[in-house]
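Undergrad: make a model of this:
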Amino acid sequence: MPHQTRSAAALLVLLLASLVLALFPPSTAARSPLSLPSSDAPLTTWVTDGPVFAVARAGNAIYLGGNFTSVGPPTGSFVALHSTTGAHDASWPTVNGPVYAVAPDGSGGWYIGGSFTKVGGLDRRHLARIRVDKTVDPTWNPNPNNWVYALAVSGSTLYVGGDFTHIGGQPRNRLAAFNTTTGTLLPWNPNANNRVLALGVGLGGGTLYVGGDFTRIGGQDRNRLAALNTASGNADPLWNPNANGTVRALAIRDTTIYVGGSFTQIGGHERNYVAAITTSVFGFHVVTDWNPNANATVFALAVRENVVYAGGDFTSIRGAPRNYLAALDATSGHVTLWNPNANGSVRALAVSGATLYVGGDFTQIGDQLRSRAAALTTHIPANATDWNPNANGRVRALAVAGSGAILAGGDFSSVGSQTRNRLATLDVATGSLLPWNPIANNTVWALAVRGSTLYVGGAFTQIGGQPRNYLAAFDITTGAVTDWMPSANGSVVALTVSGATLYVGGLFTEISGQPRNRLAAFDTTTGTLL
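TA: Numbering: from 1, shown residues only. Prediction:
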């Protein structure tokens, strides 16, 4: 955005602050969805997926203008979704920041990790437990001092990986273990020297496979991939694949460990972004001939029967065009004909029966519009099912719950969003979205109301289905664009009404066919330029 536009936008925000105070005096602020709630109060006002630059009220409606494309209920960044309908279960606690990892607690509840600070209104920094009754565990609060990226549960042990150096009241560098029954931190301490991003429990539970950015862990030099003894925390002295780039994903099938990330070499072999490693009877690592050879980073892996699903940033794998998601033969590494053809990165995968749940950055997959979360049939031709949560931000974690729910975490603040391109209106009483959907083709910077007319300024050239250059007016009663066409030759970034005069500020030098350098005024009764 040009410096002039940014400065104008900043000025507009200050103007809007004073306008909102005028529109909502202190006597009504407590009941207005625009007033800021206390930190523990549940949010009800629907949220946008991008910045809001302008706010105006007319009667029982609050008008929003900005650079958003959807508006949805404030679900937070962790949700439980019905496995068939995709509907959001509002009885789960709200999380106020990104969720990167989800794992079952073994008792019907769930652990979540990320970069949040509150869960269900309670202070929970980066790590929390949600019990089977959908309440936050009131006593367990490990409070890591940095983000959590990976979780794994084996028996009565929870393994936590991330970027922290202190957790559970004790120093632990990026990897720790807790007793799931008592909640206590265990003495197990592999002491990784850099981020841990992926965890997987080996067959039998005696080995924890760890991926990330570290170069030393469990008392040994280990480049980004290691096998740790779950009793001692020591690195296996023989298992050392030595990846040359970040390891971001692990999936385990019997004695084979599938590995994804940003590496191009592992175990002394060229392996681009994805590889398979087995453990010999003597404990040595063996990089297999399995070599799908992706052309960019792999972020997520999942195994179902004899198929490995890989998601990431790639557009080709094993020489075949596959956009961000592919199905690979678990034995040969050959690409199957299954091809959902996503249009953006895939970051999370979870398999349930014959359905693959997918999360990421995409907005289309399996021949359907799906915003960042979708369910795909695992049989060819990889169609998207009707499951459509419609998240307003990246989905980073998925897990299948035994209750028929799919748990999803990420950078989103809402699921169940509805499309609204840069203009929307909310109900004053409930904070929920109203049907008005005029569609502006570029940013809306300013709003002003007089009587039954809403004035809109911005960078658009089409709005409400009509050509309008940077400035338009809507009839609030009908919701339609009026015939008024002032046609500025540059963006309008500020509007205010005083009496029967509309003042307009922006980057224009001409408006209504007359020279006006960045500032103009109109008669709101006749629409004429003053």
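
Undergrad: where along this structure do the helices fall?
TA: Ranges of helices within the chain are 3-23, 26-29, based on DSSP state H.

Undergrad: out of those, which gets the lowest mean score?
TA: Least confidently modelled of those is helix 26-29, at a mean of 28 by mean pLDDT.

Undergrad: how close does residue 492 get to residue 499?
TA: Using C-beta to C-beta, to the nearest Å, one gets 20 Å for the distance from residue 492 to residue 499. Glycine gets a C-beta too; all of them are placed from N, C-alpha and C.

Undergrad: who has more neighbours out of those two?
TA: Shown here are residue 492 and residue 499; by other C-beta atoms under 10 Å, residue 492 has more neighbours (29 against 7).

Undergrad: quick check: the more buried one touching residue 502?
TA: No - using C-beta atoms under 8 Å, residue 492 is not in contact with residue 502; the gap is 10.7 Å.

Undergrad: mind listing what residue 505 touches?
TA: Neighbour list for residue 505: 8, 492, 493, 494, 495, 518, 519 [criterion: C-beta atoms under 8 Å, 6 or more residues apart in numbering].

Undergrad: the third one contacts residue 447, correct?
TA: Okay, so that is residue 493. No - between residue 493 and residue 447 there is no contact under C-beta under 8 Å: 11.5 Å.

Undergrad: okay, and the common contacts of those two?
TA: In contact with both residue 493 and residue 447: residue 457, using C-beta under 8 Å, 6+ apart.

Undergrad: neighbour count for the two, which is higher?
TA: Neighbours per residue (other C-beta under 10 Å) separate residue 493 from residue 447, with residue 493 holding more: 29 against 26.

Undergrad: re earlier: need the overlap of contacts for residue 492 and residue 502.
TA: Common neighbours of residue 492 and residue 502 (C-beta under 8 Å, 6+ apart) do not exist.

Undergrad: and residue 101, how far is that from residue 150?
TA: Residue 101 is 5 Å from residue 150, where distance means C-beta to C-beta.

Undergrad: should've said residue 289
TA: 28 Å.

Undergrad: among these two, which residue is more densely surrounded?
TA: Of the pair residue 289 and residue 150, residue 150 is the one with more neighbours under other C-beta under 10 Å, namely 27 against 9.

Undergrad: residues in contact with the closest residue to residue 235 other than its chain neighbours?
TA: With sequence-adjacent residues excluded and distances taken as C-beta to C-beta, 6 or more residues apart in numbering, residue 235 is closest to residue 218, at 3.1 Å. Contacts for residue 218 (C-beta under 8 Å, 6+ apart) come out as 190, 191, 226, 228, 229, 233, 234, 235, 236.

Undergrad: ditto for residue 272
TA: 263, 264, 293, 294, 295.

Undergrad: how far away is it from residue 331?
TA: From residue 272 to residue 331 the distance is 19 Å (C-beta to C-beta).

Undergrad: just the CA coordinates of stretch 243-263, formatted as CSV?
TA: What follows is stretch 243-263, C-alpha atoms only, in CSV (Å, rounded to 0.1, in the frame of the first residue of the first chain):
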residue,chain,number,x,y,z
ALA,A,243,18.4,-34.9,7.4
ASN,A,244,19.8,-31.7,5.7
GLY,A,245,16.6,-29.7,6.2
THR,A,246,13.7,-29.2,8.5
VAL,A,247,11.5,-32.2,9.3
ARG,A,248,7.9,-31.1,9.6
ALA,A,249,5.8,-34.3,9.5
LEU,A,250,6.0,-37.9,10.6
ALA,A,251,3.7,-40.9,10.0
ILE,A,252,4.3,-44.4,11.2
ARG,A,253,3.2,-47.7,9.7
ASP,A,254,4.5,-50.7,11.5
THR,A,255,8.3,-50.3,11.4
THR,A,256,8.4,-47.8,8.6
ILE,A,257,8.6,-44.1,9.5
TYR,A,258,7.5,-41.7,6.7
VAL,A,259,9.1,-38.3,6.9
GLY,A,260,8.1,-35.0,5.3
GLY,A,261,9.7,-31.6,5.4
SER,A,262,12.1,-29.2,3.6
PHE,A,263,15.1,-31.6,3.3
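
Undergrad: what comes up buried for that stretch?
TA: For stretch 243-263, burial by neighbour count (16 or more other C-beta atoms under 10 Å) applies to 243, 245-253, 256-263.

Undergrad: do the same with stretch 311-326
TA: 311, 312, 313, 314, 317, 318, 322, 323, 324, 325, 326.

Undergrad: among these, which ones are in strands?
TA: Judged by DSSP state E, strands contain the following of the buried residues of stretch 311-326: 311, 312, 317, 325, 326.

Undergrad: quick check, pLDDT for the nearest residue to the second one once chain neighbours are set aside.
TA: Among residues not flanking residue 312 along the chain, residue 298 sits closest, at 4.0 Å (C-beta to C-beta, 6+ apart). At residue 298, the model reports a pLDDT of 98.

Undergrad: run a quick neighbour tally on residue 298.
TA: Residue 298 has 28 neighbours, counted by other C-beta under 10 Å.

Undergrad: residue 261 versus that one, what's the distance?
TA: Look at residue 298 and residue 261: by C-beta to C-beta, they are 6 Å apart.

Undergrad: which residues do the two both contact?
TA: Residues touching both residue 298 and residue 261 (C-beta under 8 Å, 6+ apart): 248, 249, 273, 274.

Undergrad: surely the first one meets residue 261?
TA: Yes - Residue 248 is within contact range of residue 261, at 4.3 Å (criterion: C-beta under 8 Å).

Undergrad: wait, what's in contact with residue 387?
TA: 81, 83, 84, 85, 86, 357, 374, 375.

Undergrad: the same query, at a cut-off of 10 Å, please.
TA: 81-87, 355, 357, 370, 373-376, 406 (C-beta atoms under 10 Å, 6 or more residues apart in numbering).

Undergrad: separate out the buried members of those.
TA: Buried subset of those (neighbour count, 16+ other C-beta under 10 Å): 81, 83, 86, 355, 357, 370, 373, 374, 375, 376, 406.

Undergrad: just the CA trace of stretch 220-239, in PDB.
TA: This file holds the C-alpha atoms of stretch 220-239, laid out as PDB (Å, rounded to 0.1, in the frame of the first residue of the first chain):
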ATOM      1  CA  GLN A 220      23.700 -37.000  20.700                       C
ATOM      2  CA  ASP A 221      24.300 -34.900  17.600                       C
ATOM      3  CA  ARG A 222      21.200 -35.500  15.500                       C
ATOM      4  CA  ASN A 223      20.300 -33.400  12.500                       C
ATOM      5  CA  ARG A 224      16.600 -32.700  12.500                       C
ATOM      6  CA  LEU A 225      15.500 -36.300  13.100                       C
ATOM      7  CA  ALA A 226      16.000 -38.600  16.000                       C
ATOM      8  CA  ALA A 227      14.700 -41.700  17.800                       C
ATOM      9  CA  LEU A 228      14.500 -41.300  21.600                       C
ATOM     10  CA  ASN A 229      14.100 -43.900  24.200                       C
ATOM     11  CA  THR A 230      10.800 -43.200  26.000                       C
ATOM     12  CA  ALA A 231      12.200 -44.400  29.300                       C
ATOM     13  CA  SER A 232      15.600 -42.500  29.400                       C
ATOM     14  CA  GLY A 233      15.200 -39.800  26.800                       C
ATOM     15  CA  ASN A 234      18.500 -40.700  25.200                       C
ATOM     16  CA  ALA A 235      18.900 -40.800  21.500                       C
ATOM     17  CA  ASP A 236      19.200 -44.200  19.900                       C
ATOM     18  CA  PRO A 237      23.000 -44.500  19.300                       C
ATOM     19  CA  LEU A 238      22.500 -46.300  15.900                       C
ATOM     20  CA  TRP A 239      19.500 -44.500  14.500                       C
END
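
Undergrad: since that was my last question, I'll sign off now.
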